[in-house]
Each structure stands twice: as C-alpha cells, then as structure tokens.
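[1] Provided below are the primary sequence and the corresponding predicted coordinates.
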Amino acid sequence: MEQPDRIFLRDHVLSVEIGAFQSERGTKQRLRFNVTVDLREGVSGAQDHVDEVLSYDVLTQAVDVALADQRYNLVETLAEKIAAEVLVHPRAARVDVTVEKLDRGPGALGVSISRHRGRVEATGVQAPVAIQVHAAGSVAPKGAVILVPKAPDLPLPVGGDARRIKLLALDQAAWALAGQLGLEIAETRTELEAAAQMRQPVVWAPARLAADAPEAGETPQSLGFWLASRFGARRIDFVLAPDAALPVAPAGSDLVVGRLVPA
C-alpha cells in the first residue's frame, strides 16, 4: 500500500513555563517539538506551486497558537492542542506530535500522540490583516498590512489579453514600491498569510493570485476589495486626497473603508 506524503518539523526547541509541580511554576524550561503530518494529496500534483501544498509555517504556527492559548500543566494536553490546530487544515490527514521536556531528568521526558482528528477545539492560526491601496506620498505601514500598488502612469501594450497585461503592470509597480519602502513582495496566498502571522507589512504583486479570478477585476480598487474578502480583512484604507471620493465597499460587506491622506 502506498504511503502518504509527509511534511515535518523536527527538533523545534522553545523555552516555556509548563508543569504541574510547584517547582515548575514561575520558571521556564526547554521543550522540544516534533510534528509530522500525513497529507491527503501527494505533493507531485502541486505543480511546484506553494499554494497547492500544506505550508511548513502551519506546523510552527500550530505550536505558537497552542502555547498562547493557556499555561499547561501537562505536555499531553499541549500535544493534543497542537494536533487539533494542525488538523483544521483540509490538506492534513493525520498528525504525529511529540513534545519532550529537556530539563527535567537525565534525558528527554515526554509524550507522542497520533491523531486523525482533533480531540480538543482548535483556535485557528489566523491573524487579522488590513488592506491598503497605495498611492504616491504615503509611507510604509506598520503591522499586518497588505499593500496593493498604485497603477503605473505608463502606456500599456495594446492587443492580447488586456486584463493580464494590466495585472502584470501592477506586478512591476509592486516590485518598484517594495524597493522604495524597503518591504518584501508577496505573490501567493501562503506568502501573504505568513506575513500576516509575523505582523509584517508586505506589498502584493497580484498577477499570480488574481489572474484566474476575473471577479477580482484589474484595478487597484477592485483588487483591494477582492483581496479583503478572500482574507476576511476587517478594514481597507485608500490613500486619497481629502476631496477625493472614497470608494464604497461591495454590497453585503461589513468591511470598514478608511481614508489615508498622502504626505
């Protein structure tokens, strides 16, 4: 029988306050995490596209989310929480989690569990994100903000797929903007999610993600609203002059639309 493809995190060591004994309270000890995930689909069909596979960031984020949830007395409880966080992802079929204490004995002491489904509630490794449709004169934002570049003020080639040409022009504008502001570029959903988890602003180059989604449109405004809906963003800001009309969110959206005045 063919074995499933797997991804794994090995020898991930963090200092954590954990333990049921009084001597373990108010002090940190080293924990080592090993997480292996059986994938529902093989990686051979991913076409070398990062959005088609389970990101390795999911594993480290599951550990971080579990640790942020509460203080644990038992590594067994912590392992269950990590397993649940991984298994909420549809590409994860099964997970093995090992959590070891490295400072409580002559060797490593811990637990290993295998789960096909979570046995505790998952918090979910999601981070709130805001969208900003950029314009000349605005500065680099702080925190989990995705910047949509301004359309370039240049004539575009005529003929062929006009929408794709506009998206590629926005990609060029994104690379230029990232260089001006000293920010990273993100082309895929995985890259955008990773930046949000790290609470870092990033410039979106939209062609790769939006090319096969005609409903996203091809203007910075339509792309910004589309991306906000895809990410469940709570807010979108447009860099506009005080007297410029502020775009209106699509019908049925509870997205907050704000204005940022360029310097």
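    That came through fine. Numbering: from 1, shown residues only.
[2] so who does residue 132 touch?
    Counting by C-beta atoms under 8 Å, 6 or more residues apart in numbering, residue 132 touches 138, 141, 145, 146, 147, 148, 224, 236, 237, 238, 239, 260. Heads up, the C-betas are built off the backbone N, CA and C, glycines and all.
[3] which one among the residues you listed gets closest to residue 245?
    For these, the closest approach to residue 245 (C-beta to C-beta) belongs to residue 238, at 9.8 Å.
[4] Please put the alpha-carbon coordinates of the helix or strand bottoming out on mean pLDDT in the chain into CSV.
    Within the chain, confidence by mean pLDDT, DSSP states H and E is lowest for helix 189-197 among all helices and strands, at a mean of 81. What follows is helix 189-197, C-alpha atoms only, in CSV (Å, rounded to 0.1, in the frame of the first residue of the first chain):
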residue,chain,number,x,y,z
ARG,A,189,-1.7,33.3,-0.5
THR,A,190,0.9,31.4,1.5
GLU,A,191,3.3,34.3,1.4
LEU,A,192,0.6,36.8,2.4
GLU,A,193,-0.6,34.6,5.3
ALA,A,194,3.0,34.2,6.6
ALA,A,195,3.5,38.0,6.6
ALA,A,196,0.2,38.4,8.5
GLN,A,197,1.2,35.8,11.1
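[5] chain center to that helix: distance?
    Here helix 189-197 shows a centroid-to-chain-centroid distance of 3 Å under the convention C-alpha atoms, centre = their mean, to the nearest Å.
[6] Just to be sure, which of the contacts of residue 132 are found in strands?
    Members of the contacts of residue 132 lying in strands (criterion: DSSP state E): 145, 146, 147, 148, 236, 237, 238, 239, 260.
[7] Quick check: next helix or strand after the least confident helix or strand of the chain?
    Sequence order places strand 202-204 as the next helix or strand after helix 189-197, per DSSP states H and E.
[8] Give me the helices and strands touching that next one, please.
    Counting by 3 or more C-beta pairs under 8 Å, 6 or more residues apart in numbering; DSSP states H and E, the packing neighbours recorded for strand 202-204 are strand 145-148, helix 162-181, strand 184-186, helix 189-197.
[9] That strand pairs with which strands?
    Strand 202-204 has its sheet partners listed here by DSSP bridges as strand 145-148 (parallel), strand 184-186 (parallel).
[10] I'd like those strands laid out as a markdown table, including mean neighbour count and distance to residue 193.
    Below are the strands paired with strand 202-204 laid out as a markdown table (neighbours: other C-beta atoms under 10 Å; distance: least, C-beta to C-beta, whole Å):
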| stretch | mean neighbour count | distance to residue 193 |
| --- | --- | --- |
| strand 145-148 | 26 | 10 |
| strand 184-186 | 18 | 9 |
